[in-house]
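In: Any chance you could fold what I've pasted below:
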Amino acid sequence: MNVATASKLKKLVAVGGLLLVLNEIRGIVMAAPVFWTLFQTGNSEVDTVAAIAMLMGILLSVIVPIVLAKRARAHFESALN
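Out: Sure, this is the predicted structure:
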């Protein structure tokens, strides 16, 4: 891999890191209404199960990109060496 390609990959990984941070913030913003609604409803069993299901979906949308970014970074670092 030449220097120009490696430089472009490093910039791409940096932009990806920024997008991951923004994704984390989005996850927190999406979880806040779930917690607020759960608090207002009085924590019935059905509401708790629904809230857990919503939070698990949000968690997956935040965790999966982080795992993929770690794998991509490891792949790019091994390709550079």
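In: Kindly provide the distance from Val29 to Ala72.
Out: 25 Å (CB to CB, to the nearest Å). All C-beta atoms are positioned from the backbone trio N, CA, C, and that covers glycine.
In: Which one of the two is surrounded by more residues?
Out: Ranked by neighbour count (other CB atoms under 10 Å), Val29 and Ala72 place Ala72 first, with 14 against 10.
In: correct me, but the more buried one touches Val13?
Out: Yes: taking CB atoms under 8 Å as the definition, Ala72 is a contact partner of Val13 at 7.4 Å.
In: Any chance you could spot the residue sitting in the middle of this structure?
Out: Centroid-nearest residue in the chain: Val62, 2.3 Å away (criterion: CA atoms, centre = their mean).
In: show me the contacts for that one.
Out: Listed by CB atoms under 8 Å, 6 or more residues apart in numbering, the contact set of Val62 reads 23-24, 26-27.
In: Can you give me the pLDDT of it?
Out: pLDDT, Val62: 76.
In: where's it, which helix or strand?
Out: Taking DSSP states H and E as the criterion, Val62 maps to helix 45-80.
In: Any buried residues in that helix, and which?
Out: 47, 51, 54-55, 58, 62, 69 (16 or more other CB atoms under 10 Å).
In: just those now: which is nearest Trp36?
Out: When the buried residues of helix 45-80 are compared for distance to Trp36 (CB to CB), Ala51 wins out at 10.2 Å.
In: Tell me, how many residues neighbour the closest residue to the closest one other than its chain neighbours?
Out: Closest residue to Ala51 apart from its sequence neighbours, by CB to CB, 6 or more residues apart in numbering: Leu38 at 4.5 Å. Leu38 has 18 neighbours, counted by other CB under 10 Å.
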